[in-house]
Structure formats: structure tokens, C-alpha cells
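Novice: all I have is the shape, not the residue letters:
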């Protein structure tokens, strides 16, 4: 006898696998965007260091304006990147909740399956015990 909700259990497992795959893709996108933001921050720091070194020596106004424009542009881009990361993080959290819900449903069905298997095993053992008792009783009756 098989578990009566086996098909639903398989469907839930497949749904969970798909949700986890989607969550993995979102997580990869999230990591890439964070790496991009870190790259921009590193470029900004490097530019600041270069400007400070050039300030010690003779530096032209055009070079200072160029560094200022670069710094302003990277700040704007970092703000955009922060918004992108925030949106992706929101999607990631929502997908995590979906995965957790799918896992909970699957686990519930697995527990029901385990209980069903245990119930079947106990019923089978009870029948076997009854058969063994009957056989032993018949053998004992034959001796007398």
C-alpha cells in the first residue's frame, strides 16, 4: 500500500526545487550587484588617494575638476546601485519566504507519510503476531 498523497508530495518537492533554483539565481544577482558596488567604492577610494598624492605636488585645476566630476559620478552611481541592491534584497527575502513555506508544506506531507508507514507497519506486525499466535495455539492443541 502506498502513501495516498505521494503525488502531492512529489509536486511539492518539485515546486520547492524550482523555488530554490530561483532563489539561487536572485542570490547570484545580489552578489554580483554587491561586487559592483564594492568595485565602485574601491575606484572612488583609489581616485581620492591619487588626488591627495597629486595635491602634494603641483596639480592643475582641470585635473581637480576631473577628479571632482569622477567622484560625483561615482557617488550618484553608488546611490543607484544601493537602490538596485535594496530591490534585489526585497525580492530575495520574498523568495526565501516562499521557499520556507514550500519546505514546511513538504515536511508536513513527509511527516504524514512517515506516520502512515508506521501505522501500516504496526498493522502488519499485529497481523503477523495474530498468525503466529494462531499457529502456536494450533500446535499446542495438537500435542494434547
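Specialist: Noted; the coordinates are in hand. Not measured: the values here are computed from a predicted model.
Novice: which residues of this protein score low on pLDDT?
Specialist: Along the chain, the model assigns pLDDT under 70 to residues 1.
Novice: mind listing what the closest residue in space to residue 34 that isn't next to it in sequence touches?
Specialist: Nearest residue to residue 34, sequence neighbours excluded (CB to CB, 6 or more residues apart in numbering): residue 85, at 6.2 Å. Any C-beta I mention is one placed from the backbone N, CA and C, and that applies to glycine too. Going by CB atoms under 8 Å, 6 or more residues apart in numbering, residue 85 touches 30, 33-34, 37.
Novice: residue 47 reaches residue 70, doesn't it?
Specialist: Yes - look at residue 47 against residue 70 with CB atoms under 8 Å: they come within range, at 5.6 Å.
Novice: which among the contacts of residue 85 gets closest to residue 118?
Specialist: Among the contacts of residue 85, residue 30 lies closest to residue 118 (CB to CB), at 42.2 Å.
Novice: can you name the residues that contact that closest one?
Specialist: Listed by CB under 8 Å, 6+ apart, the contact partners of residue 30 are 85, 88-89, 92.
Novice: buried sites along stretch 89-99?
Specialist: Neighbour-count burial for stretch 89-99, counted by 16 or more other CB atoms under 10 Å, picks out 92, 95, 98-99.
Novice: ok, back up a step: from the contacts of residue 30, which ones fall inside helices?
Specialist: If you go by DSSP state H, the contacts of residue 30 have 85, 88-89, 92 in helices.
Novice: which one of the residues you listed is nearest residue 5?
Specialist: Using CB to CB, those come closest to residue 5 at residue 92, 30.8 Å.
Novice: look up how far residue 7 lies from the closest one.
Specialist: As judged by CB to CB, to the nearest Å, residue 92 and residue 7 stand 31 Å apart.
Novice: surely residue 91 meets residue 23?
Specialist: No - here residue 91 does not reach residue 23: they are 9.3 Å apart, not a contact under CB under 8 Å.
Novice: and residue 36, how far is that from residue 30?
Specialist: To residue 30, residue 36 is 11 Å away according to CB to CB.
Novice: and what of residue 91?
Specialist: Using CB to CB, we find residue 91 at a distance of 9 Å from residue 30.
Novice: one more: residue 124?
Specialist: 51 Å.
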